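# Fold the following and give me the result.
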Amino acid sequence: MCGILSDMDDIRTPPNNAEAERAVLGSILLDTTGRGEDRVMDLCLTNGISPDSFYDQRNKAIFTAMLTLNRLGRPLDALVLIELLRNEGKLEAVGGVAYVQSLIDQTPTTAHAEHYMGIVREKHLRRVMIDRATDVVAKCYDEREYPDPQAVLGEAEKSFLEIGVQGGRTMSWSAAVDDSFNRINAMFSSTGVTFEGLSTGLKHLDEKLQGLKNAEMIVIAARPSVGKTSLAMNIAESAALGQMLTLGGGGYPPVKADGGKRHPVMIFSLEMPVEALTKRMVAGRAHINMWRLNRNLCPKDEKQRLMGNLFTAAGELKDAPIFVDDSAGLDIMDLRARARRAKKQHGIELIVIDYLQLCTCREASRQGSRQIEVSMISQQVKAMAKELKIPVIVLSQLSRANEQRGDKYEKPKLSDLRDSGAIEQDADVVFLLRRPSRTPTDPDSGDEQLAIIDVAKNRNGEIGEVKVNFIKEYTRFEDRPLPVTEPEGFQTSEPPPQGPVFSQDPLM
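Numbering: from 1, shown residues only. Purely as a prediction, here's the structure:
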């Protein structure tokens, strides 16, 4: 029975409407003014009509010729079209002069051109879905070439979701200017630092970034065991709970920028299992030193106090909109597919990937170059941020280059990003994290709590260092109090700035 159905499917004619295709072409020929004001052709381009939208090969060839004339600024009338087709040796193949003339004769009016386009586009969409579904079916049967069904599922989902976004989004220039005007105008009525995205939970870092913006790829890079996972998890906690990371008088204060709104967060933990991740987050929020607790070094009264903190922290985090996927060695295409599902199901507003070098890319791994593989992973992460229109934080390892330069501070540079320069190129924001206490030659090595977040790249804003506290016992970052050493009304940990420092790289 299945074989019979398969044979019936093979002889079916793919969805198409020849009359609608001819009406679209006829409307283009009827509408032309000869002055470059080809309204119907402009509508075709705006509505995503392409040569592939036409099933009839004659119509496809004619529309291709029309696109050539439109690009050259030549009139889109029957005589000029016939001349081009004749010069290209395609006139007889499309049915000759009679077929071109029939397009005009059989089109009653151009008033319904958009309706005809809609029919052509819908038939094309059905053909595309059939082609992609057929490809998926073939891969499902080919177990030798495609042994992992999850990989096939991820590619299938990506393939079908791409259909809906083909052609991208076009915003008129006037609408874009109005949108920008409204955003800038809102800043005049603001009494504090304005935000265009999510808060990091660290006041002084927010002041430099103005928030984690939509469609941005934010890289947190550091050497192993410096605290990049802790920083990312702290930012995720702040976004999910709508609270700052530094304790105030009555607990963790809400993020003022959006009134303490909670933002769903998706965490891809490729390194740590979800149990270790949640244990660290709960203990850090409760200010519990797990090393002392594990060794039974806490007095009874301290245990009672910490137990109260634990119940409070666990209760707050239990209801937080945080979703964790701790699959190891996740392929970047599978990761993107899971991110799409999470965005659709839970309205995810921030994604954290820990960490980039643990991702894989099947397409690139076959080439045998780790640098090419990491480059493709980085490109896919940036594409995911743009596709989902949310900030994506991705952690990355640094090479040992900063330890070999002879710099007493051992400051990392953008060029130290491990495995590929594409990470530096694709990222919108790069944090280079270091802790001076780990570098004996650093003048600040005696400050055990000092951590420095160097905003080394910020495509849309200010760069520079931000000093914060890292409480190692709780694996937690907090704001660092700023000393009052400047003229009245000016507080900073650095000399008074002459103005914001912006990236000077013209490619950024």
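
# now the strands for this structure?
For the chain, the strands defined by DSSP state E cover 217-222, 265-269, 322-325, 350-354, 392-397, 429-434, 450-458, 464-471, 476-479.

# In its sheet, which strands sit next to the fourth one, and in what direction?
Same thing as strand 350-354. Counting by DSSP bridges, the strands paired with strand 350-354 are strand 265-269 (parallel), strand 392-397 (parallel).

# go on, the third one?
Counting by DSSP bridges, the strands paired with strand 322-325 are strand 265-269 (parallel).

# Run the chain-centre distance for the strand it pairs with.
14 Å (C-alpha atoms, centre = their mean, to the nearest Å).

# what's the answer for stretch 132-150, then?
From the chain centre to the centre of stretch 132-150 is a distance of 27 Å (C-alpha atoms, centre = their mean).

# from memory residue 375 sits against residue 422, does it?
Yes: between residue 375 and residue 422 there is a contact under C-beta atoms under 8 Å: 3.7 Å. From N, CA and C alone the C-beta is placed, and that goes for glycine too.

# Tell me how many other residues crowd residue 139.
Here the number of neighbours of residue 139 (other C-beta atoms under 10 Å) works out to 17.

# which residues does it contact?
Contact partners of residue 139, counting by C-beta atoms under 8 Å, 6 or more residues apart in numbering, are 145-146, 152, 155-156.

# between those, which is nearest residue 334?
Each of the contacts of residue 139 was scored against residue 334 by C-beta to C-beta, and residue 155 proved nearest at 8.8 Å.

# Distance of that closest one relative to residue 336?
Residue 155 is 10 Å from residue 336, where distance means C-beta to C-beta, to the nearest Å.

# next one: residue 482
41 Å.

# Next: residue 481.
Residue 481 is 41 Å from residue 336, where distance means C-beta to C-beta.

# likewise residue 326?
Distance, residue 326 to residue 336, using C-beta to C-beta: 17 Å.

# Show me which of the two is the more surrounded one.
Using other C-beta under 10 Å, the more surrounded residue of residue 326 and residue 336 is residue 336, with 21 against 17.

# Could you verify my assumption that the more buried one touches residue 380?
Yes: contact criterion C-beta under 8 Å: residue 336 and residue 380 qualify, at 6.3 Å.

# Now do the shared contacts for those two.
Counting by C-beta under 8 Å, 6+ apart, residue 336 and residue 380 have no contacts in common.

# burial of residue 89, as a residue count?
Number of residues near residue 89 (other C-beta under 10 Å) recorded here: 8.

# Skipping its backbone neighbours, what lies nearest the most centrally placed residue in the chain in space?
With distances taken as C-alpha atoms, centre = their mean, the chain has residue 385 as the residue nearest its mean C-alpha position (0.5 Å). Nearest residue to residue 385 in three dimensions, chain neighbours excluded: residue 392, at 4.2 Å (C-beta to C-beta, 6 or more residues apart in numbering).

# May I have the beta-bridge partners of that neighbour?
Under the criterion used (DSSP bridges), residue 392 bridges to residue 217, residue 351.

# That one and residue 29, how far apart?
Distance check for residue 392 against residue 29: by C-beta to C-beta, it reads 47 Å.

# which of those two has more neighbours?
Counting neighbours by other C-beta under 10 Å for residue 392 and for residue 29 shows that residue 392 has the greater number, 26 against 23.

# thought residue 136 was touching residue 158?
No: checked against C-beta under 8 Å, the pair residue 136 and residue 158 is beyond contact range at 10.9 Å.
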